[in-house]
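> here's my sequence, what's the structure:
(one chain, ligands or ions: 1)
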Amino acid sequence: MLDHADGKPKEACGVFGLYSRSLAGELAQRTYFGLYALQHRGQESAGIAVSDGERTLAMRDMGLVSQVFDEHRLAALESGHIALGHVRYSTTGSASWENAQPEFHGRGDVNVAVAHNGNLVNAARLGEELAAEGFEFNSTSDTSFIAAAAVAELEKGRCGVGEAVVAAMRRFSGAYSVAMIFRDKLVAFRDPHGFRPLCIGEVEGGYAVSSETCGLDIVGAKFLREVEPGEVVVVDDEGLTSRRAEEARRSLCVFEYVYFARPDSRFDGREVADARRGMGEALADESPVEADVVIPVPDSGIMAAVGYSNRSGIPYAEGLIKNRYVGRTFIQPTDGMRQIGLRLKLNPLPSVIEGKRVVVIDDSIVRGNTSRKLVALLFEAGAAEVHFRVSSPPVTGPCYYGIDMDTREGLVGAKHSVEEIRRQIGATTLAYLSVEGMTRATRHPRSGLCRACFDGDYPVPGTASKFALEGATAGEG
Ligand code: SF4
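Model prediction:
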């Protein structure tokens, strides 16, 4: 797939929600821009649902936000004061229209619309339990189980929506940052570990929720706070109320800092760009080298390369030019095109590289194929030496918490030593940042982060597989 040409794992999803009577009539458009800011979190499908408290209209389709929506389609959705948006990259279930979100689930007069980022590690068992309770599922994503479990509690009618979600959360295990519309309420909740981010902002006459603060910024929402791990937030005409399902255990995914999140987003007050610069500085301290120029693998290596250059005193330059318009395309490349896959995205600047000892900074090496092509590209462009520096440790294990990396298969760091990888990719030298150096750069305590794919310490037991719920065996990269 073309979007795997960068060799990076893919984030699961981005979630966005708005509640405002003052902005009624422009919620779909604002949600569109919120999703636009979160596009990096999922490029397979996009969807928006808008509700007036009684009737919910939705549109969702395969493709980028700008491919799914135009002014005409957005205008058809502008009739309500509650909105929900989602961009998706599948980590459970295949890439199909049925699995696009927001998802709807209901029985009788209890209906919910749900947008989810994460992965349940007990999805298969939960699905069986819900099926035994009479629920039927059209999609193969664990999001439908989250929706159904909420419906099951709401049907009991003995409690409000906040309490119902708290009760439903007792059935979930794994990673989930969720926004949901139920009747006249917008609900947001986050698993007790807070693997995936979710934050709240204030807009004129109401509130916004977003996977990242960059989604709030783009719609002019003022950041209020994170949705706390284990918290359920309900927004309606009475304002915002909060309940706690479980004590927070805090295991924010460190990969959000390394690669997934946008550099202008902030987690717990820490700017992602700043953390990435710190990783580059730590890498320069840990693995210095004599060289002429530091270049980043754009875009995610830029901040770490700036940090490496600042700390080492080796000049920074842009030596690889990224074609910013090669996003996901529906045109499948031919085999011949696949050979030049990396060149579709990156082209070297010989004026920066020729005859130089080059330090190239990448944020991670997951499968290794792209790094090999990259090193070859730099030598072809005339580099005298290529010193590969990675601003995170070797990825040695899979992720079951919402990242497209659910098996050890293909993880080059799981099977090979650093020296073996250096030989495979053909670099002059290769060094990774240590787990401790990465952790310090985030300024989180060790106990506040998930680092499982780097150190094997999994905060929640159990595994998840992308296709487990549909019995398929093929993977998507
Ligand atoms: S296993 Fe790795 S990618 Fe997954 S949540 Fe933990 S740190 Fe993030």
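
> so what's I82 bridging to?
Beta-bridge pairing for I82 (DSSP bridges): Y19, S51.

> where in this protein is the helix or strand with the lowest mean pLDDT?
Lowest by mean pLDDT, DSSP states H and E among the helices and strands of the chain is helix 335-339, with a mean of 60.

> report the rounded mean pLDDT for the next helix or strand after it.
Where DSSP states H and E defines the elements, the next helix or strand beyond helix 335-339 is helix 341-345. Averaging pLDDT along helix 341-345 yields 74.

> cool, and stretch 178-185?
Over the span of stretch 178-185, the pLDDT mean works out to 96.

> again with stretch 61-69
93.

> let me know the distance separating A384 from K356.
Between A384 and K356 the computed distance is 6 Å (Cβ to Cβ, to the nearest Å). Any C-beta I mention is one placed from the backbone N, CA and C, and that applies to glycine too.

> tell me the secondary structure for A188?
Classification of A188 using DSSP: H, G, I helix; E, B strand; the rest coil returns strand.

> touching the ligand at all, the lengthiest helix in the chain?
Taking DSSP state H as the criterion, the chain has its longest helix at helix 272-286. No - residues of helix 272-286 contacting the ligand under Cβ under 6 Å from any ligand atom: none, with a closest distance of 13.7 Å.

> contacts for that helix, please.
If you take Cβ atoms under 8 Å, 6 or more residues apart in numbering as the criterion, helix 272-286 is touched by 256-258, 261-266, 300, 302-312, 361, 363, 389-392, 431, 433-434, 437-438, 440-443.

> so which bits of the stretch 301-450 of the chain are right by the ligand?
399, 401, 403, 450.

> most surrounded residue in these?
Of all these, the highest neighbour tally under other Cβ atoms under 10 Å goes to Y401, namely 30 neighbours.

> and the closest residue to it other than its chain neighbours, bridged to which residues?
In space, Y401 comes closest to A175 once its chain neighbours are excluded; the distance is 3.8 Å by Cβ to Cβ, 6 or more residues apart in numbering. Under the criterion DSSP bridges, A175 forms beta bridges with N119.

> and the residue of the stretch 101-250 of the chain nearest the ligand?
F195 (5.1 Å; Cβ to the nearest ligand atom).

> my read: that residue touches Y400, true?
No - between F195 and Y400 there is no contact under Cβ atoms under 8 Å: 9.7 Å.

> shared neighbours of these two, anything?
174-175.

> who has more neighbours out of these two?
Comparing F195 with Y400 by neighbour count (other Cβ under 10 Å), the higher total belongs to F195, at 32 against 24.

> list the contacts for A414?
For A414, the contact set (Cβ under 8 Å, 6+ apart) comprises 395-397, 408.

> before we move on, back to that, look at A384 and K356 and report which has more neighbours.
K356 (21 against 14).

> separation between that one and L84?
According to Cβ to Cβ, K356 and L84 sit 50 Å apart.

> how about the contacts made by the residue nearest to Y401?
By Cβ under 8 Å, 6+ apart, the neighbours of A175 are 117-120, 191, 193, 195-196, 253, 400-402, 460.

> can I get those in JSON lines including pLDDT and secondary structure?
Below are the contacts of A175 laid out as JSON lines (pLDDT from 0 to 100; DSSP: H, G, I helix; E, B strand; the rest coil):
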{"residue": "N117", "pLDDT": "94", "secondary structure": "strand"}
{"residue": "G118", "pLDDT": "93", "secondary structure": "strand"}
{"residue": "N119", "pLDDT": "91", "secondary structure": "strand"}
{"residue": "L120", "pLDDT": "93", "secondary structure": "strand"}
{"residue": "D191", "pLDDT": "97", "secondary structure": "coil"}
{"residue": "H193", "pLDDT": "97", "secondary structure": "coil"}
{"residue": "F195", "pLDDT": "97", "secondary structure": "coil"}
{"residue": "R196", "pLDDT": "97", "secondary structure": "coil"}
{"residue": "C253", "pLDDT": "96", "secondary structure": "strand"}
{"residue": "Y400", "pLDDT": "92", "secondary structure": "coil"}
{"residue": "Y401", "pLDDT": "93", "secondary structure": "coil"}
{"residue": "G402", "pLDDT": "87", "secondary structure": "coil"}
{"residue": "V460", "pLDDT": "91", "secondary structure": "coil"}
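
> neighbours around G108, how many?
The local packing of G108 (other Cβ under 10 Å) involves 7 other residues.

> for S22, same thing?
By other Cβ under 10 Å, the residues close to S22 number 11.

> what's the pLDDT at it?
Model confidence at S22, given as pLDDT, is 96.

> which other residues reach stretch 297-307?
With Cβ under 8 Å, 6+ apart as the test, stretch 297-307 has contacts from 8, 259, 263, 273, 276-284, 294-296, 316, 318, 320-322, 346, 360-363, 374, 391.

> assign a three-state SS to I200, would you?
Classification of I200 by three-state DSSP places it in strand.

> leaving out chain neighbours, which residue sits closest to it?
Leaving aside its chain neighbours, I200 sits nearest to L224 (4.7 Å; criterion: Cβ to Cβ, 6+ apart).

> doesn't that neighbour fall inside a strand?
Yes - judged by three-state DSSP, L224 forms part of a strand.
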